[in-house]
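S.K.: quick one, fold the following:
(chains A and B)
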2 protein chains.
Amino acid sequence: MPQNAEPLVLGIDLGGTKILSAVVSAPGKILSQDYCPTPAQDYPVLVQCMLKSAHRALKQAGIGANRLAAVGIGAAGLSDPEKGILFTSPHLPQCCDVPLRDDIAKGLGAKTFITNDASAAALGEFYFGAGRGAHNFIYITISTGIGGGIIIADRLYTGSSGTAGELGHMTIADDGPPCRCGNKGCWEALASGSALSREARQRIKEGAKTSILDHAGGDIDKVTGETVQQAAEQGDALAEELIARTGYYFGIGLANLINIFNPELIVIGGGLANMGDRLLKPAFRVAEERSFRQICQKVRFARAELGVNSGVLGAAAYALQQG
Amino acid sequence: MPQNAEPLVLGIDLGGTKILSAVVSAPGKILSQDYCPTPAQDYPVLVQCMLKSAHRALKQAGIGANRLAAVGIGAAGLSDPEKGILFTSPHLPQCCDVPLRDDIAKGLGAKTFITNDASAAALGEFYFGAGRGAHNFIYITISTGIGGGIIIADRLYTGSSGTAGELGHMTIADDGPPCRCGNKGCWEALASGSALSREARQRIKEGAKTSILDHAGGDIDKVTGETVQQAAEQGDALAEELIARTGYYFGIGLANLINIFNPELIVIGGGLANMGDRLLKPAFRVAEERSFRQICQKVRFARAELGVNSGVLGAAAYALQQG
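M.R.: From the prediction side, this is the model:
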């Protein structure tokens, strides 16, 4: 390794549908990256997939793993950063109490750290994106589920055992629909992409007049948040209603976070944020109605700036910070 | 003021029903205290009452106001600690954008600081009570309403403008009963003493068979959390059901805080905590059911140790810390 070389870090964003690996320099520059789908097979296959993706990213950057100062994993689930165990993940059913950090460390021969993917994304936005300059802010990703990361006093808040920030699993409707986490009426069960597609399928089955099904090629199982959005863009009344309804629930969770955290900033990322005003306008209205005026008026809302890279950049920053 | 004398601080706990003033030494010893009811009259009367109570506490301690290192106010409402303004309080309707800190400072001729009463109580428990030794914990007071205070990394977390910790006003049932804050379905609107008495009155009006009314002297307007508790202690089935129901809702809020904060400790204070197992057993069961097992099993629950003094001790500690 050359003397005085800038530290390079490998960030791995492990999601329920994709794995993203990137070689990142300390100032947050992505030197190379690799995408691959998350395998549905068992845990050893997942580890092999992650390692292969990591090696492709390293090769593309023209470096060996021995050049890495550290590796950071942001995983879609609950993990113990001290022991390096991924406890559980509604999105990665093959991961239950698995030593993911050490398996990756062994495979790459580099010091490795693990945190939650949304916490990593919060850190990414804090250092390199929409959160720059903010001291206390909440990052929320709204896509298939809802994840969150909390920055307090310029640091990622991870709680007493590294699992803080499960914002998507706060109950906002005590008798609401079941959530993948086992609870019911979670924010995620009412305001996420999967909540939106569940409602759309339900209404279609009930015979609602809508073009949503056409956008899914007539296959009700292919109705997703995206197909609902496509229908809404073409003026479909049900699609618009369903997105506004998702916005209503999204706003309730925002109001809770405003009242609890009095944040200066809430950064919103994730695929559903691309729905823009159709989703966010009702959400912000509800957030304003349901939180204290004096707290809400101090909050600035911003869209995440790093897109799909927030997690991988944040995982890299997390590893550098810990290493 | 004698050389090298221990700093003395005046703490004032301003609640919706009572004002408590105390002269406190730096290690948290209460030298004197004074109670008086909170006047229902307008703001100037309230300030005069607070000053009179403060002077009685000073007299009882045998010192003049010039001996005070600082004064700390914990007020039941939203305040701006920088400007010293009490913005609003569902419990103190006469207080709307009032310069309470400066009015008390002027009246006593001492440097004065203001924070929320539940935040002050959290600080009191952190320094002198059940929170000693904990780094990240949540304090919750359950009485007429629900208040909260957040200790993160050994410090009171007050948010970006001093108003964090409005835990009682997180929505847990989006279509729930109206709350005094203007929102509906708040934790406070479902799990507090006033929620309990509202439900009891409602059920009595509907003709439920219960002895609760007897404990209120036959006057439905005198039905409170306490009268429900008295009836439950004598085996009244409706009273038991209503307290368990309050516990159910209390547990939902606890689960949310567990998932969000991953705290090592939750300290529970306030009058309703005295209901003990009848309220807390169902609450803890629901908290366990609705939060992630891996997070919940790390949480320790403790009853507040300082009783009515947590707020006044914490307000004093807050003033010392800021001053």
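S.K.: which non-adjacent residue is nearest the one residue in the stretch 201-323 of chain A that gets nearest to chain B?
M.R.: Ranked by Cβ to the nearest Cβ, the top residue of the stretch 201-323 of chain A for proximity to chain B is A:Asn262, at 2.6 Å. To be clear about C-beta, it is placed using only N, CA and C from the backbone, and glycine gets the same treatment. Spatial nearest neighbour of A:Asn262, excluding adjacent residues (Cβ to Cβ, 6 or more residues apart in numbering or on different chains): B:Gly159 at 2.6 Å.
S.K.: likewise for A:Val308?
M.R.: A:Leu20 (6.6 Å).
S.K.: which SS class is A:Ile268?
M.R.: Classification of A:Ile268 using DSSP: H, G, I helix; E, B strand; the rest coil returns strand.
S.K.: and A:Gly149, by the same measure?
M.R.: strand.
S.K.: what are the ranges of the helices in the stretch 151-300 of chain A?
M.R.: A:187-191, A:193-205, A:212-215, A:225-233, A:237-261, A:277-290, A:293-296 (DSSP state H, counting those that start in this stretch).
S.K.: give me whichever of those helices is most buried.
M.R.: Ranked by mean neighbour count under mean count of other Cβ atoms under 10 Å in any protein chain shown, those are led by helix A:187-191, which reaches a mean of 28.
S.K.: about what we covered before: out of the helices of the stretch 151-300 of chain A, nearest to A:Ile114?
M.R.: helix A:187-191 (21.7 Å; Cβ to Cβ).
S.K.: now do the closest one: everything it contacts.
M.R.: A:142, A:145-146, A:167-173, A:176-181, A:183, A:194-195, A:246-247, A:249-250, A:252-253 (Cβ atoms under 8 Å, 6 or more residues apart in numbering or on different chains).
S.K.: and for stretch A:312-323?
M.R.: With Cβ under 8 Å, 6+ apart, stretch A:312-323 has contacts from A:7, A:9-13, A:20-22, A:24, A:26, A:28, A:30, A:33, A:69-74, A:81, A:111-113, A:115, A:117, A:119-129, A:149, A:156, A:306.
S.K.: what residues sit buried inside it?
M.R.: Buried residues in stretch A:312-323, counted by 16 or more other Cβ atoms under 10 Å in any protein chain shown: A:Val312, A:Leu313, A:Gly314, A:Ala315, A:Ala316, A:Ala317, A:Tyr318, A:Ala319, A:Leu320, A:Gly323.
S.K.: among those, which are located in helices?
M.R.: A:Val312, A:Leu313, A:Gly314, A:Ala315, A:Ala316, A:Ala317, A:Tyr318, A:Ala319, A:Leu320 (DSSP state H).
S.K.: got a quick ChimeraX command for the buried subset of the contacts of stretch A:312-323?
M.R.: Selection of buried members from the contacts of stretch A:312-323 for ChimeraX, criterion 16+ other Cβ under 10 Å:
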select /A:7,9,10,11,12,13,20,21,22,24,28,30,33,69,70,71,72,73,74,81,112,113,115,117,119,120,121,122,123,124,125,126,127,128,129,149,156,306
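S.K.: quick one: name the residues of the stretch 201-323 of chain A near chain B.
M.R.: A:249, A:252, A:255-256, A:259-264, A:289-292, A:294-295, A:298 (Cβ under 8 Å from any Cβ of the partner chain).
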